Structures are given as C-alpha cells and as structure tokens.
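Peer 1: this one's structure only:
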C-alpha cells in the first residue's frame, strides 16, 4: 500500500462521509470502491476518527454487526462554538442594526449560508443524541437555518406555509394567536408533506412570546407528531415566560435600548452546559 | 514525514476547503497550522487536486503570486449529473404527484437538503466561470435551492419579500404582473439588504411565463444590480416564450396529462451542452 493511495482514500472518504452526515456507510462499500481489503479500510477509518476528534470536525461512529459500518456526525468544536458566539454577538451588538420599534436587523446573518451552516451544525451538536425524521419550520425567515439544520441531520425539511397553497394539495390548517402582536394568524401544511407519527425538531429564527412556536406545536399535534425539540436563533429575554416551555435559543436578546443605541445579547443557556 | 501525518492533513484540508468553497487559502496558512514546510503542503495539494479531479468532487485552483494560494470549487461530476437527472425525472414523473389543476407536487424535493444541495452544486458547475456577489431569490419555495446555491458559491443570500416587513427597515417595492395568473403582485427588498451595483444570480424554484423572474429583474434594476444569470429548478415547456429571455432550467416540464396521469419532464438545455 503506497502513501498516495491512502492519502487519496482519506480525501474521498472525508468528502463522502461529510456529504451524507449520519448515514451508514458499510466497510464493504469503501472496500469495493477502492479495491482494498476491509482491514485497510478499518485503518483508514481509525485515522479519520482520530483526526476528526482532534480537529473537532465531528464524530465518526462505528456501528458493529452484519449491518454495520460507520457514520459521521458533523460537530462544531468548543473553539468553533466560542468563535461563532463571539462573531454573532459582535455583529448583533452593532448599533446600526437597531430598527424603529426596537427591532434588530438580522436578515444578512440569518440568510448567510456560512452563518446558518455553522448554526445548523451547532444545533446538531447540541442535539447530538436526538434523531429526528424531519426538521419543521414556518415560512419565511427561519427557512435557511432550518434547511442547514436538516442538512446537518441529513433529514428532509418541512415548511409550514402562512396560507394554503394550491400547488401543495389538501392541507391541514390551524389558527393561532401571535404572542407579541395578539393578532390571529393561520398556518397550514399539506397532508402529504409529513407522515403521521413522525419525530421532528422545530426550528425558527426568532422567539418573543412563543406564539408561533406554540402554533407549530399545535399543528404538529394534528399530524400526531412527536416534537423532540424546539430551537431558535434568537429568543428575547422578555417575556421570560414563553408560550412553550422547552426550547433552545442559540442567542438570548436581553435588551435593545433605542435611546442609547445599545444592544445586550448573550449566548443561550446551552452554552455553559455544553462547555 | 510519516504516512499518518499526511493522511491527517488530507482529512483536515478536505474539510476546510469544502467548508469554504471558492475562498482563497494561502499555503502559509496550511504550513502554519500543520507545522510543515510549504513544499510539503504543495505536494499534499497536488494529491488533493488529482483526487478531486479523478473522483469529480470539484476543482482545486492554484492562484500564484504573493497573494496566492488555493481555492476549491465544488462540482457535480458527469456521473453525478447523470444520476441526479435520472433521480429527479423518475421522482417527478410519478403520477401521484399530479395535483388538481395540472400542478405537480414538488415540495418534498425542493425542500430536501440533499436534493437542493446537489442542485446548488450543479448550478455552481454550470456557472463555474461566473463570480456573483450575491444570490437573490423571492420567498418562499425557491429559498432552499437559492441558499444551497449561495453555499456552493460561498456568497450571501438575499431574499425578496412578498410584502414589506417592519423588521427589515426602509425598503424598495415594485409591482409586477404574475405571468400565469395575470394578477398584480408586489415584492420588496430592504435597502440595506443589497449594496447597489452588486453582481447577482437570480434563483427560483419554478418558471411558467416568467413574470416573477421579470419582476425580480426589474427590482434589481432599482438597486443598479448586474444580473449575471437566472436559474430555476423547473421551467415549463409552454409558453415557450418567457418574459425573460436568458435563463437556465435544471429541468423542463414538457407536459402534465391529468387525464392519462402522465408527466413528461426532461433535463434543461444545459445538459447536452455540459456533457
């Protein structure tokens, strides 16, 4: 076995495993495509595992037995989490982001593939022991984060629409009260979009009172779905009591002082727990 | 230099280069993080380049000079393109996708991160000589494809909203006529979302008459944007003459026969040209 062949295999395996995270690859599969013995593949995978651990890219898990193989779970390392939080807090604290009404302009961040890519990997790191069948969000601003979370879990994304769309067939609709504006709104999901009794993680960009998240939970009940977790990019500090009790916020927005142009934002409670 | 060190570097370089496609990495950067000579890094990169070429993962481009380095452009290989087209055509031809009114249910595909991930890479392959500053789409169904295209180009995504949202500050709005329904609709984009005189690629999920794409083009003019290209996942065969003249469709939907439950769909014109 010469040096360059192993180097080549490492590139290819890294690509394949990363492109399909959390998917099982049989040792035979690698053994066949490279034309080498399974024992050689095992050695390769040991190097890949140690390197991923050391550099914090993710976890290579071995599943033993006849239907066994390896799967790769991408992760955000401790250092990457720290850098990511510093980056986000620095960005979101900029006074020029303060909009009339005390809102914070975040569209550039929550639509940026590099940012939501890392955020999705972060959620897969926080929820590493959870295996959802689907990621669920409601249009519009949560879609990029939800898609990248679905990508990290390698499961399909389901998007709840604000209205029933003719191009999606028969749908279930519910009304809900937006927690902050107290307005009645509706959301709907095509019946065929989500098999009943699926396990899901709910993702959104922002949570204030939690009315939208509550609405999604209620709609999920109509599909007899098990909600494994709920996560948002940013949750406000106030009201402290949200309409749903159990959620993860990547960041907590403590206050936006429109007079002194000062934003206070900090990592969510997961941060200390994970470190 | 022992074998395992090179193997380790291959894993790390593959990860880093893939995570930030089309970004320049200086040889010094790799030389520093690994603590090896630049000549060794050059050898590593030669292996990585040859492997990426051979397996069709993408192109490793060397930029020479003082500010030089390497960047990785992910690509969909000829074989992957063929398999991807076969997969999509097989999926979309299923009669159960036909909805009342001759629509085709596509939400499961255009929201699936694996599908839009490959489609985004495909668009980056088709447009490999183009370097946009932004990818632009309009909510809702084109967002996943647009985000994954932005990810492949490693540029930010801009999402045009169907209405002006209070949380995005001052915005430019236009009215446009939906080509198929002939209804007047509006779309708007926050001023700060897109610097004037940017170069963009416009992405959407579906094009019938091209009214929406026309509207986006018009809105882009308000931002003095240069539209480098327009691409959609699916364009209909009829009407043959769209409201915009220059676009790429990954797939062309020739006909949906609701009586005989038959769908005819084929790869867009790019397919033969690229092969």
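Peer 2: Good, I have the coordinates. Remember, it's a predicted structure, so these values are computed and weren't measured experimentally. Numbering: from 1, shown residues only, chains lettered A, B, ... in the order given.
Peer 1: tell me the residues of the stretch 151-275 of chain A that contact chain B?
Peer 2: A:151, A:154, A:156-159, A:161, A:166-169, A:190, A:192-193 (CB under 8 Å from any CB of the partner chain). All C-beta atoms are positioned from the backbone trio N, CA, C, and that covers glycine.
Peer 1: which of these sits closest to residue A:53?
Peer 2: Using CB to CB, residue A:154 comes nearest to residue A:53 of these, at 20.4 Å.
Peer 1: doesn't residue B:114 make contact with that closest one?
Peer 2: Yes: counting by CB atoms under 8 Å, residue A:154 does reach residue B:114; the two are 7.0 Å apart.
Peer 1: so what sits against both of the two?
Peer 2: In terms of CB atoms under 8 Å, 6 or more residues apart in numbering or on different chains, residue A:154 and residue B:114 are both contacted by the residues residue A:20.
Peer 1: sec struct for the residue nearest the centre of chain A, please.
Peer 2: Centroid-nearest residue in chain A, with CA atoms, centre = their mean: residue A:149, separated by 2.6 Å. Following DSSP: H, G, I helix; E, B strand; the rest coil, residue A:149 is assigned to helix.
Peer 1: in contact with it, which residues?
Peer 2: A:119, A:120, A:123, A:124, A:135, A:201, A:203, A:231.
Peer 1: quick one, phi/psi of the third one?
Peer 2: Think residue A:123. phi -60, psi -40 (degrees, to the nearest 10).
Peer 1: low pLDDT regions in chain A?
Peer 2: For chain A, residues meeting the criterion pLDDT under 70 lie at A:1-4, A:164-167, A:179-180, A:275.
Peer 1: quick one, helices of it?
Peer 2: A:3-19, A:27-34, A:38-55, A:78-92, A:107-110, A:113-126, A:143-153, A:211-222, A:270-274 (DSSP state H).
Peer 1: is it true that residue A:156 touches residue B:110?
Peer 2: No: Residue A:156 lies out of contact with residue B:110 (CB under 8 Å); the separation is 10.7 Å.
Peer 1: excluding chain neighbours, what is closest to the residue of the stretch 151-275 of chain A found nearest chain B?
Peer 2: Chain B sits closest to residue A:151 of the stretch 151-275 of chain A, with a gap of 3.8 Å, by CB to the nearest CB. Excluding the flanking residues, the one nearest residue A:151 by CB to CB, 6 or more residues apart in numbering or on different chains is residue B:113, at 3.8 Å.
Peer 1: can you tell me how far that neighbour is from residue B:151?
Peer 2: For residue B:113, the distance to residue B:151 (CB to CB, to the nearest Å) stands at 10 Å.
Peer 1: ok, and the most crowded of the residues of the stretch 151-275 of chain A next to chain B?
Peer 2: For those, the largest number of neighbours (other CB atoms under 10 Å in any protein chain shown) sits with residue A:151, at 28 neighbours.
Peer 1: residues in contact with that one?
Peer 2: A:21, A:117, A:120, B:113, B:114, B:117.
Peer 1: of those, grab the buried ones for ChimeraX.
Peer 2: This is the ChimeraX syntax for the buried subset of the contacts of residue A:151, where burial follows 16 or more other CB atoms under 10 Å in any protein chain shown:
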select /A:21,117,120 /B:113,114,117
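Peer 1: just put the contacts of residue A:151 in TSV and tack on distance to residue A:257.
Peer 2: Converted to TSV, those look like this (distance: CB to CB, whole Å):
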residue	distance to residue A:257
A:21	41
A:117	31
A:120	31
B:113	38
B:114	44
B:117	41
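Peer 1: now do the same contact list for residue A:71.
Peer 2: The contact partners of residue A:71, taken as CB under 8 Å, 6+ apart, are A:17, A:21, A:22, A:23, A:24, A:25, A:60, A:61, A:63.
Peer 1: got the contact list for residue A:110?
Peer 2: Residues in contact with residue A:110 (CB under 8 Å, 6+ apart) are A:116, A:141, A:142, A:144, A:145, A:205, A:233.
Peer 1: and these, which is closest to residue B:246?
Peer 2: residue A:144 (27.1 Å).
Peer 1: that closest one contacts residue B:146, correct?
Peer 2: No: applying CB under 8 Å, one finds residue A:144 not in contact with residue B:146, separated by 9.1 Å.
Peer 1: what touches both of those two?
Peer 2: When contacts are counted by CB under 8 Å, 6+ apart, residue A:144 and residue B:146 have residue B:157 as shared neighbours.
Peer 1: for residue A:158, which residues are in contact?
Peer 2: Residue A:158 neighbours (CB under 8 Å, 6+ apart): A:134, A:135, A:136, A:137, A:189, A:193, A:194, A:200, B:111.
Peer 1: and residue A:6, how far from residue A:157?
Peer 2: Distance, residue A:6 to residue A:157, using CB to CB: 37 Å.
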